[in-house]
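Enquirer: Need the 3D shape of this:
(chains A, B, C and D)
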Number of protein chains: 4
Amino acid sequence: MTHPFLDLPPLSAAHFASIEDRVARLLRTDQDVLITQGEALLPLEGCIRSVARPGCTALNVITGPYGQTFGNWLRDCGAQVVDLAVPFHTAVTAEQVGNALAEHPEIDFVSLVHAEAATGNTNPVASIGEVVRAHGALFMLDAVASVAAEPLLPDAWGVDLCVIGAQKAMGGPAGVSAVSVSERAWERIEANPQAPRRSYLSLLDWKQRWIDGGRKALLHAPAQLEMLALEACVERIESEGPDAVMARHATAARATRAGAVALGGGLAPYVHEARDAAPVATTLRVPAEVDAAELVARALAADPVLPLVAGGGALAKEMVRVNHYGPDATRGVVHASLAALGAALGESGIGVDLEAARSAVTGAWE
Amino acid sequence: MTHPFLDLPPLSAAHFASIEDRVARLLRTDQDVLITQGEALLPLEGCIRSVARPGCTALNVITGPYGQTFGNWLRDCGAQVVDLAVPFHTAVTAEQVGNALAEHPEIDFVSLVHAEAATGNTNPVASIGEVVRAHGALFMLDAVASVAAEPLLPDAWGVDLCVIGAQKAMGGPAGVSAVSVSERAWERIEANPQAPRRSYLSLLDWKQRWIDGGRKALLHAPAQLEMLALEACVERIESEGPDAVMARHATAARATRAGAVALGGGLAPYVHEARDAAPVATTLRVPAEVDAAELVARALAADPVLPLVAGGGALAKEMVRVNHYGPDATRGVVHASLAALGAALGESGIGVDLEAARSAVTGAWE
Amino acid sequence: MTHPFLDLPPLSAAHFASIEDRVARLLRTDQDVLITQGEALLPLEGCIRSVARPGCTALNVITGPYGQTFGNWLRDCGAQVVDLAVPFHTAVTAEQVGNALAEHPEIDFVSLVHAEAATGNTNPVASIGEVVRAHGALFMLDAVASVAAEPLLPDAWGVDLCVIGAQKAMGGPAGVSAVSVSERAWERIEANPQAPRRSYLSLLDWKQRWIDGGRKALLHAPAQLEMLALEACVERIESEGPDAVMARHATAARATRAGAVALGGGLAPYVHEARDAAPVATTLRVPAEVDAAELVARALAADPVLPLVAGGGALAKEMVRVNHYGPDATRGVVHASLAALGAALGESGIGVDLEAARSAVTGAWE
Amino acid sequence: MTHPFLDLPPLSAAHFASIEDRVARLLRTDQDVLITQGEALLPLEGCIRSVARPGCTALNVITGPYGQTFGNWLRDCGAQVVDLAVPFHTAVTAEQVGNALAEHPEIDFVSLVHAEAATGNTNPVASIGEVVRAHGALFMLDAVASVAAEPLLPDAWGVDLCVIGAQKAMGGPAGVSAVSVSERAWERIEANPQAPRRSYLSLLDWKQRWIDGGRKALLHAPAQLEMLALEACVERIESEGPDAVMARHATAARATRAGAVALGGGLAPYVHEARDAAPVATTLRVPAEVDAAELVARALAADPVLPLVAGGGALAKEMVRVNHYGPDATRGVVHASLAALGAALGESGIGVDLEAARSAVTGAWE
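Expert: Here you go, the predicted structure:
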């Protein structure tokens, strides 16, 4: 039986390396780029466990749910952790980061999430990077939800460890991910006796056996289909143009925010300032009398492929999230998402103005 | 460069034959089944040009746009053509066919379309087949829009030439198609000196060189990817169960019809009787003040993937068609289609009852 | 069930047109290019039936098995046919074509096969085109086995109808094909009352409804997967470079010919002059005491994926063909093919020099 | 741009669970089966780090290169390690394992590799399992190179942790893998305070959040394409029949061993006893005057797709490995592999008997 997913010729080391180079170009980085053979949680965990150790003090900037996870990993490794948490409806500022660093001069590692898909905000990494670099700490950025949706310049911004995944704005696979690693990050990792070695979590194994060996031999058979899908999605982004892809996401975010406000019915942007809103997802508060999870279920009953989800955890009843990334960052999907929310609100007896929403969306797109 | 559509091992004759057998099982036929290497228009034209000739009299039943095409081909071949046209908003009856046959005892070929995707009606083939067989004429059926959506039993119904394609209810490829051919059809074709021979249009070439040769050697390299896709879609139908697939289409049709009526706003089923309505598409008249093409454009602006189209030709301004076949024969798609039509009518200042439509759809599904 | 061949978004007319443009660039032609929805036999038959008619006189150049087929089609259409047959182990010359044209000034159509995959020769189309154009006849070329393997310049060579398929040197699908059509070919076709119209065989339907309509609406649903595979293989050729692809085929032909001679054991090039040898396949005579079909069977028993076939028809016992096109135009495959033939000859008690063959192949490649 | 690897609908939790169930059926196990989102090294490392801890004593059976890796992981975790190494050209016996257990009654964990792809031997797991179970230790088996090639019955054999990958005899993807986990293994893991938790390496996270949660929510987005490929390869095995797949591998191994002996030229089976030879690969010693790596390079120059590799590490000059797994476990590939080795030996001036090799292979297959 012939099947397009089976019996493909093996992915060569040279082909693998060429995909790494292509991802590096997308990130405009001269640092080493590793494609890690697992979901983006793998390199995120790998980065933290590679760097953190007793004696290390980390500034863990918490602007969404992953901050908690990073803090756990840091503490697992014996690091001191300074948590800088801001309300999830806002971005952290470079000033807040600078204050924390000034208060704790011993901080030698900073972890930050660029865009938060779950809460819909995005952080000003360029200016934060400046204060982190001035302080001298190593800087790790989780850019899974920002890559391809908004500018991402690890080298210019002084990011030492920049982790990406392809499953959001890139419109690609989730099963492989990537991390760029600066020279000073490699030095810190090599000097850390408890950094994962001979482990699936290890970045250092790949550095020593893959990169330093001239990228001749992979450490194990790669996830071939995911690699090919990653190559295909980068090719598609190159073909559309990275700037055009980012503009499409920015417009989708602007349109969704404006359309939701125009729709009325008690929907309100969860992220207070538009400049803090992430281009991959728009989060909306629902009126008090409405259960967000039920509202989403009603909207999806009509059209199950719409990119609508209720908030997670404590926000499950209060927040609706409209995702607009990858192939969903289009006018049609934004229109349909707001129309479905409007119809679902209407069914709950709440007045909405569908026509105003439509005009607002159309206006944002023009 | 590795690409899943390139460098596949060639499709063997045995594999090709196994796909033919699988299609034959789907049609529950013991007749020869040929998979033709082109869109379904290829075997339809091939059938008519194989049978028709000067001296032949054909009853061409016209219940939609393809009847015109069949008549042209029949006349091209020098056949006498008796056109039996019924209004497109209704099905033809066995009685009407019987009367035409009685009036023209010389008729020796009958062509009929089973379900009409363009106009949304379907014809009672079982009872028509009975009168055709009693008369003794050869019976050709275009079942492209009915296969997998409603019962189709060429052997039980006395169909001599049954043409199918996979692109509608089967959810498969359009680039290959199939035809079952009865023994008496082969006899008529072999006896026709002007039947296409050594031609891409020829059924006889495949009979003599492929079937009679024990299906050992294909006449030319097949459309391999389309063949594999055909196999995959038949497999999916077998896995869901052919009866479940048909039930899903029937429910989608019932729900769309009921939902449109409940929606109001001047939408009215184009096919008068529910029993004549095709399970693959529901056609709706729009109110006189509305332009159907504009209405569809407005609905698609909000959600471009909805299966909505304006009527063809003279019906472009008057008819909206809701397709619900293959992966679109689901509650969610029906809901979304009616909601989008309702919203578009609303924008034109026409009152609709979205909630009633939703209830009607839900009711049909339960 | 998710399957990569199913539920793809439909291929748009714009996407279809862009693939046509890409094929046109590959052919360096400014003529109309149609992608025909079937194997290359479809446009070949379509061309001949579109042009030929009673009153037309065709020069049918026969340098391989397809000449017979073309002659049949021409006669079916009522044309007068002048057959110019040359021994299959040689190419036809421009002089021979010129003589035939001089002898039959009434000839208004010339059909020629560029490279003959079955017999391994190739014809000098550039110089033949010159005499055909000087004579004023319409010129049809079957370039299925030459495209991407050797220079093919329909515009520069005065080819009015140039038919290609992707299944040989292009390494692509067989289920769609293409034809370039000159303005004067369109004029001849339009003036031919018996040219296929409203038919799957018709070129004119596509001219009038697709091309003249601005390529806005396809005549029927295309073979989507084959179209995407065609696009992918053209992309791969562009990426490798068309000249590099042709050089690879030329080298494979030179290496196979030299290697077979060096191997000895009675193998001898079927095509007498190296300059007449096609770059897609090398045909070899076997010694009298050997049955070619048995020899190939023995060689394939050891490695069933080698591109070896016995000659067709009368040549089944006398000729072995080594194909070397597409992904098989590589040193490794040529080596393995000759080694397998050598081993099979050895088993028949015939002495061969495997090492000399290997050197000759290596030498051709360097 | 449409690409078959992009924009697939997301893999649902239910679909994921159904693939786990299908893998469980293949393993005939009633234990929990987890599909791990990385190459098989991920669950192997995950198992050892989940169980091993200070106070644990492990019997690490070393019959090939992975034994070293397992020992490192065990020691990293603070376990006491008893290494039981046997020469790589032989299997370990149940008696040897029993003696080691008797000598070290404190052993509470045993790690074993079933078939060794690198050295070509396979171990008698059924009888080893019996003595391990009698002793009471937890039993981990690396079955990556045996699954689908030879009987594998984790439940019947008392295997507590059975790790598989699809990239060898299953003919599937390398990017996901699987592990079956017994109840007593879960108990040991839960009781181990240093077992990976909230980590990509963690089995326990999946137990607590995925399995105990009724397999409703995945812990992160899966490697969708690899999952679909895994499903497709299991489907292909079910369709061919697991017993037929195993028989095909056994025959390929028997044929390769017999053919290599018949070929002569100094090739000798590396694994002394045929009953210890793995069905996925046959390892051969080369004569002293030959460099195995050069021999393989020469053979691959003629046919680069043959499954031949030189030995690893210290064996690079001395050993040739003929892989015969998945689509390579066929007569044609075995024939071609031995013919290429024979030709390469011949080029080095060493006499071989190609015909005897061919007969031996054919004989094994019949």
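
Enquirer: Of all the residues in the stretch 51-200 of chain A, which one is nearest chain B?
Expert: Relative to chain B, the nearest point of the stretch 51-200 of chain A is A:P173 (13.7 Å; C-beta to the nearest C-beta). For every residue, glycine as well, the C-beta is placed using N, CA and C.

Enquirer: did I read that right, that residue in a helix?
Expert: No. According to DSSP: H, G, I helix; E, B strand; the rest coil, A:P173 belongs to no helix; its state is coil.

Enquirer: Who are the contact partners of it?
Expert: By C-beta atoms under 8 Å, 6 or more residues apart in numbering or on different chains, the residues touching A:P173 are A:A166, A:Q167, A:L225, A:E226, A:A229, A:L230, A:C233, D:F5, D:A223, D:Q224, D:L225.

Enquirer: contacts with chain B among the residues you listed, please.
Expert: With respect to chain B, and counting by C-beta under 8 Å from any C-beta of the partner chain, the subset of the contacts of A:P173 in contact is D:F5.

Enquirer: of the contacts of A:P173, closest to chain B?
Expert: Using C-beta to the nearest C-beta, D:F5 comes nearest to chain B of the contacts of A:P173, at 6.9 Å.

Enquirer: mind checking pLDDT for the residue most central in space within chain A?
Expert: In chain A, the residue lying closest to the centroid (C-alpha atoms, centre = their mean) is A:A145, at 2.0 Å. A:A145 is assigned a predicted lDDT (pLDDT) of 97.

Enquirer: Helix, strand, or coil at it?
Expert: Applying three-state DSSP: A:A145 is coil.

Enquirer: That one and A:V280 touch, don't they?
Expert: Yes. Checked against C-beta atoms under 8 Å, the pair A:A145 and A:V280 is within contact range at 5.2 Å.

Enquirer: hey, what's in contact with both of the two?
Expert: With C-beta under 8 Å, 6+ apart, A:A145 and A:V280 have common neighbours A:A115, A:A117, A:K168, A:A169, A:Y325.

Enquirer: give the contact list for A:H89.
Expert: Shown in contact with A:H89 (C-beta under 8 Å, 6+ apart): A:T119, A:N121, A:Y270, A:V271, A:H272.

Enquirer: picking up where we left off before, so among the contacts of A:P173, where is pLDDT lowest?
Expert: For those, the least confident position by pLDDT is D:F5, scoring 87.

Enquirer: Kindly provide the distance from it to A:R22.
Expert: 15 Å (C-beta to C-beta, to the nearest Å).

Enquirer: try A:V61
Expert: For A:V61, the distance to A:R22 under the criterion C-beta to C-beta works out to 30 Å.

Enquirer: one step back: mark which of the contacts of A:P173 are part of helices, please.
Expert: With helices identified by DSSP state H, the entries of the contacts of A:P173 that belong to them are A:L225, A:E226, A:A229, A:L230, A:C233, D:Q224, D:L225.

Enquirer: separation between the first one and A:G165?
Expert: Between A:L225 and A:G165 the computed distance is 16 Å (C-beta to C-beta).

Enquirer: Do a quick rundown of the helices in the stretch 51-200 of chain A.
Expert: In order along the chain, the stretch 51-200 of chain A carries the following helices (DSSP state H, counting those that start in this stretch): A:65-76, A:94-103, A:125-135, A:154-157, A:183-190.

Enquirer: Please name whichever of the ones you listed is nearest to B:R28.
Expert: Closest approach to B:R28 among those (C-beta to C-beta): helix A:65-76, 54.6 Å.

Enquirer: rewinding a little: of A:V61 and A:R22, give the one with the bigger neighbour count.
Expert: Taking A:V61 and A:R22 together and counting by other C-beta atoms under 10 Å in any protein chain shown, A:V61 has the greater number of neighbours (24 against 17).

Enquirer: Kindly state the beta-bridge partners for the more buried one.
Expert: The residues paired with A:V61 through beta bridges, assigned by DSSP bridges, are A:L84.

Enquirer: so it touches A:L84, yeah?
Expert: Yes. The pair A:V61 and A:L84 qualifies as a contact (C-beta under 8 Å) at a distance of 4.9 Å.

Enquirer: ok, how many other residues are close to the residue lying closest to A:D276 once chain neighbours are set aside?
Expert: If the residues on either side of it in the chain are set aside, A:D276 comes closest to A:A91, at 4.0 Å by C-beta to C-beta, 6 or more residues apart in numbering or on different chains. A count of nearby residues for A:A91, using other C-beta under 10 Å, gives 24.

Enquirer: contacting residues around A:A91?
Expert: A:T63, A:N121, A:T122, A:N123, A:P124, A:E273, A:R275, A:D276.

Enquirer: Could I get the contacting residues of A:V320?
Expert: The neighbours of A:V320, taking C-beta under 8 Å, 6+ apart as the test, are A:L267, A:T283, A:L284, A:V286, A:A292, A:L295, A:V296, A:L308, A:V309, A:A310, A:G311, A:L341.

Enquirer: is it fair to say it lies in a strand?
Expert: Yes. Secondary structure assignment places A:V320 in a strand (three-state DSSP).

Enquirer: what residues does chain A put near chain C?
Expert: Among all residues of chain A, those adjacent to chain C (criterion: C-beta under 8 Å from any C-beta) are A:P4, A:F5.

Enquirer: ranges for the strands of chain A?
Expert: In order along the chain, chain A carries the following strands (DSSP state E): A:32-36, A:57-62, A:80-85, A:109-113, A:138-142, A:161-165, A:177-181, A:268-269, A:281-285, A:308-310, A:319-323.

Enquirer: Adding mean pLDDT, write those strands out as CSV.
Expert: Output for the strands of chain A, formatted as CSV (pLDDT from 0 to 100):
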stretch, mean pLDDT
strand A:32-36, 98
strand A:57-62, 98
strand A:80-85, 97
strand A:109-113, 98
strand A:138-142, 98
strand A:161-165, 98
strand A:177-181, 98
strand A:268-269, 96
strand A:281-285, 98
strand A:308-310, 96
strand A:319-323, 97
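
Enquirer: Turn the ones you listed into a markdown table, including distance to C:R254.
Expert: Rendered in a markdown table, the data for the strands of chain A read as follows (distance: least, C-beta to C-beta, whole Å):
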| stretch | distance to C:R254 |
| --- | --- |
| strand A:32-36 | 40 |
| strand A:57-62 | 65 |
| strand A:80-85 | 69 |
| strand A:109-113 | 60 |
| strand A:138-142 | 55 |
| strand A:161-165 | 48 |
| strand A:177-181 | 44 |
| strand A:268-269 | 69 |
| strand A:281-285 | 59 |
| strand A:308-310 | 62 |
| strand A:319-323 | 57 |
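
Enquirer: just to revisit the earlier point, anything in contact with each of A:V61 and A:L84?
Expert: A:V92, A:V97.

Enquirer: Would you map out the domains in chain A?
Expert: According to the domain assignment given by automatic domain parsing, chain A is divided into the following structural domains: A:13-239, A:242-365.

Enquirer: weakest of the ones you listed by average pLDDT?
Expert: For those, the weakest mean pLDDT is recorded on domain A:242-365, namely a mean of 93.
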